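In: I'd like to go over a predicted model; first the sequence, then the structure.
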Amino acid sequence: LFRITKRDKKVHPETPKSILSTFTLSTLLYEDLCTVLFVLYLGQTVLRKFI
C-alpha cells in the first residue's frame, strides 16, 4: 500500500485526488477493522452467555 501511494505521489506530486483516494482507502480499512472487532466482541459475549 505504501509503495503504491509513494509511486502515485511521485507521478502526481500535487494532485489532491491521490491523497483523497489514499485517505478514503485508509478510512475503509479502518471501518473494516472496527466491524471485525465489533463482530468478535459480539461473538465473545454470545459465547459467554451460552457457556
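Out: Nice, thanks for sending it over.
In: quick one: average pLDDT of the helix ranked longest in the chain?
Out: Determined from DSSP state H, the single longest helix within the chain is helix 16-50. Throughout helix 16-50, pLDDT has a mean value of 87.
In: in that helix, what's buried?
Out: 18, 22 (16 or more other CB atoms under 10 Å). All C-beta atoms are positioned from the backbone trio N, CA, C, and that covers glycine.
In: what packs against that helix?
Out: Packing partners of helix 16-50 (3 or more CB pairs under 8 Å, 6 or more residues apart in numbering; DSSP states H and E): helix 2-11.
In: pLDDT on the helix it packs on, on average?
Out: pLDDT averaged over helix 2-11 gives 54.
In: could we number from 24 for the rest of this?
Out: Sounds good: first residue 24 from here, last item helix 25-34.
In: now what about stretch 53-61, what contacts it?
Out: Where contact means CB atoms under 8 Å, 6 or more residues apart in numbering, no residue beyond stretch 53-61 reaches it.
In: now swap in stretch 63-70 and tell me
Out: With CB under 8 Å, 6+ apart, stretch 63-70 has no contacts at all.
In: and V62, how far is that from L56?
Out: To L56, V62 is 11 Å away according to CB to CB, to the nearest Å.
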